[in-house]
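J.: From the sequence below, what's the structure:
(2 chains)
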Protein chains: 2
Amino acid sequence: MIVVSHRGPARFEALDDGQFDVYPGSGGLAAALTPLLVERDDATWIAACLGEGDRAATRAGATRVGAVDLRLLDLDAHTHRLHLDVISNGTLWYLHHGLFDLVHRPRFDSRWHEAWEAYEAVNRTFTEATAASADEGEVVLVQDYQLALVPGLLADARPDLHIVHFTHTPFCGPNSMRVLPEMPAAALIDSMARVPCGFHTDRWARAFASSVREIRADVEPRCFVSSLGPDPEALARELESDGVARAAADLDDIVGDRLLLLRTDRVEPAKNIVRGFFAYDLLLERSPELRERVVFVAMLHPSRTSMAEYQAYANEVDAAAARVNERWATASWTPVVVDSRDDFARTVAGYRRYDALLVNSVKDGLNLVAKEGPLCNVRDGVLCLSPEAGAFDELAGPALRAHPFDLVATADALREALAMPAEERRRRAEDLRLIASNRTPADWLGDQFTASGVR
Amino acid sequence: MIVVSHRGPARFEALDDGQFDVYPGSGGLAAALTPLLVERDDATWIAACLGEGDRAATRAGATRVGAVDLRLLDLDAHTHRLHLDVISNGTLWYLHHGLFDLVHRPRFDSRWHEAWEAYEAVNRTFTEATAASADEGEVVLVQDYQLALVPGLLADARPDLHIVHFTHTPFCGPNSMRVLPEMPAAALIDSMARVPCGFHTDRWARAFASSVREIRADVEPRCFVSSLGPDPEALARELESDGVARAAADLDDIVGDRLLLLRTDRVEPAKNIVRGFFAYDLLLERSPELRERVVFVAMLHPSRTSMAEYQAYANEVDAAAARVNERWATASWTPVVVDSRDDFARTVAGYRRYDALLVNSVKDGLNLVAKEGPLCNVRDGVLCLSPEAGAFDELAGPALRAHPFDLVATADALREALAMPAEERRRRAEDLRLIASNRTPADWLGDQFTASGVR
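T.: Reported below is the predicted structural model:
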């Protein structure tokens, strides 16, 4: 089998002796897939070089990871930047998450159309590398919106292959697809409609199917739904680690015997961090009994800092947090503590300790935090979850609804979470754990195999 | 029959002698309906007082317009402002036109929820006035998004009435309805689902039907599609008027023997005026032969100037126009001429004279300009029309497509329009005229009667 994704399962750094240090790749896909694939001896993974160390390891032929034959593509830097910043993250991410301010953006100018050619070129490069690596009739699992043209190109080049595409983001509906220029929109749909396409929830699958039907009335889309869940055993091991123990002690210093409201996200507009602070501000305004009684620890990891929109959003996040503290802090209480260290041990320590977990995304393909949290938590913490997160479909029963745009409703959910009677907390936490452990990465990988038609 | 709309067919100004001057109401609804209703002796029209003159005329019982019994409701000023600025124009207009920058807006805070109560209150006031005025079994035609709760309230109060609702804007789909707080979204859908609902195109009707099915699985929406067109005879009379003759002379001074590219819009983000200037800029950049050969006359009428977003957008419009002129103007040529006088005679003179008409809306319920222009034009002018305008469904054949977000595609359409061979222009202009005269206001009013079930 071949996995094709923009980011690989590892990154490399050259050492003085000609050897390489290997670090885990970032992102949910690498975390979910890598442990499954390193145990197999039949897996090839094709991804992009993301730094000088990756390129050096590629030149040295030193990119094997466990049993995985990792092939990293050395893309032209300018082409790669246009592919990633302008099209993948600057257009398709915005489109699928509904983040465009349509009065002002997008503006598809000459530069954008040039970037679209770069997107095509990168997808062709991935396709050629895959076509050259694949055995007759092999299963090829293409991942996510950065590579949405690969299915069509690869199906043309190698009709013998069993190709599947899986989208980890939401998929926008036909109205939003009309925002794209005509040719690119049709190219994306034409490509994806060639193969079975997977999504984390039925809602994104239906949006994709409607988009296909609107743009290509003669094509019947093939969709499947496969939710992902964390590996409960891996989380259990992490919980026992020294790193988590140290982080837990740090957290105890911060929270003490107060209630802990937690969020943990990349600094990403789709995560709706600013409105989360506004809702917390409203909570403190309307629930005086909670002042000095709760600490909102926001673990916020810098993301896509090369994009101006993300820098601007990070500034808005900082200002919103500061505003809450300026308004409510006392000599002995800091209402909001922002932690920007991207350290999974700290996240897991937070998971274990929270009384309420806020996930209020504007839109979210799945949101693994909403499942990892309950699996690690030991205080019957309450999950406040946006109905716009893919995971909501599964977790709607035991979670409280955190409407992403309704500050009053979100504040009400937080108040309900923090005041919930122990018995109800216990019951909901149990249900959350049950659902969150229901789908492992192996199940998700198995669904892609099933969809490929090979098993 | 009773028409219920936020704006009425006339506005009043008190004279010193206790009499009132009567001016036509603004907006497309008044323009379309008033000439039809003043000839009937069975019509009541219920609308809001919009100024001190309206209130004085109401107190004096002097609001009859022709044969129409006009009843103007004197709403509490604060309640009315919340109803109009916060909910109707600040929320529902944005929602249905897809104008929200979801990273930042909306933020449904306590003030918004208070404004929602004002929206309910105004809808109740309209309902009570209608219920008190209506004869047994009368037809009631409720108009537009400002009064979307009237159908449900009125159906409860007066089950004998034959109520219809007509929406002049687009209708957003179920994904966008999820942006609203839950209770208000359900209230709007519950109300509208009680009666037959009309829309200008099948696309908005389908979006409404999907929204109903998503929020109320047990309800089968009743929709009808009824496009509106201008009254060709009224336009013909206007074309012969002295005002148009004077305006045409003015326009000749500005345009001379150059080509005229025209747009005429309220200064409204949904009209996409800024991107129109950017596309024109790109056109001049890529088509040197058009420099000094074309004048872009933009008739832009101030709108909703009490809303900060509209003021900001007006500034962006001014800056974009100035940028084009700074870049391209010569001693003898001004590439963009902005005319902010809201004077229908000037608009009609522009209609008659244009070589290309640009309508590139982000989204538009119908867009009457796209039909009025071709009916008045005498130069076989070419229409460049956004596929996001409701009128596109009808006019797609003879119009050129002006993609609202793709500046390159819009610039290409403008170039094609201005360079089109005479024979093709003639053929397209003929088709445009044929389609644009196909649906009169009387047809549209008749469709509402038919939908009411009475005839």
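J.: In contact with the nearest residue to residue A:78 once chain neighbours are set aside, which residues?
T.: Spatial nearest neighbour of residue A:78, excluding adjacent residues (CB to CB, 6 or more residues apart in numbering or on different chains): residue A:118 at 7.7 Å. Every C-beta, even on glycine, is put in place using the N, C-alpha and C of the backbone. Residues near residue A:118 by CB atoms under 8 Å, 6 or more residues apart in numbering or on different chains: A:78, A:79, A:80, A:82, A:83, A:86, A:87.
J.: Tell me the residues of the stretch 251-400 of chain A that contact chain B?
T.: A:269, A:274, A:275, A:278, A:282, A:313, A:362, A:387, A:388 (CB under 8 Å from any CB of the partner chain).
J.: Could you list which of the residues you listed belong to helices?
T.: Counting by DSSP state H, the part of these found in helices is A:274, A:275, A:278, A:282, A:313.
J.: Verify the stated contact: the third one with residue B:105.
T.: No. Contact status for residue A:278 versus residue B:105: not in contact, 12.0 Å apart, counting by CB atoms under 8 Å.
J.: Looking at the two now, which is surrounded by more residues?
T.: Higher neighbour count among residue A:278 and residue B:105: residue A:278, with 19 against 16, using other CB atoms under 10 Å in any protein chain shown.
J.: quick one, what contacts that one?
T.: By CB under 8 Å, 6+ apart, the residues touching residue A:278 are A:320, A:407, B:107, B:109.
J.: Most widely separated two among the residues of the stretch 251-400 of chain A next to chain B?
T.: Across those, the longest distance by CB to CB is 22.1 Å; it joins A:313 and A:387.
J.: more crowded one of those two?
T.: Counted by other CB under 10 Å, residue A:313 and residue A:387 do not tie: residue A:313 has more neighbours, with 23 against 17.
J.: how near is the more buried one to residue A:363?
T.: For residue A:313, the distance to residue A:363 (CB to CB, to the nearest Å) stands at 15 Å.
J.: which phi and psi does the residue in chain A sticking out farthest from the centre have?
T.: In terms of distance from the mean C-alpha position of chain A, residue A:331 ranks first, at 37.7 Å (CA atoms, centre = their mean). The phi/psi pair for residue A:331 (degrees, to the nearest 10) reads phi -60, psi -30.
J.: What ranges in chain A fall below the confidence cut-off?
T.: A:455 (pLDDT under 70).
J.: try 80 this time
T.: By pLDDT under 80, the weakly predicted segments of chain A are A:41, A:455.
J.: which residues of the stretch 201-350 of chain A fall in strands?
T.: Secondary structure of the stretch 201-350 of chain A (DSSP state E, counting those that start in this stretch): strands located at A:223-225, A:259-266, A:294-301, A:336-339.
J.: and the first one, what does it pack onto?
T.: In this structure, strand A:223-225 makes packing contacts with strand A:197-199, helix A:202-215, helix A:441-452, judged by 3 or more CB pairs under 8 Å, 6 or more residues apart in numbering or on different chains; DSSP states H and E.
J.: By proximity to chain B, which residue of chain A wins?
T.: When scored by CB to the nearest CB, chain A has residue A:101 as its residue closest to chain B, at 3.2 Å.
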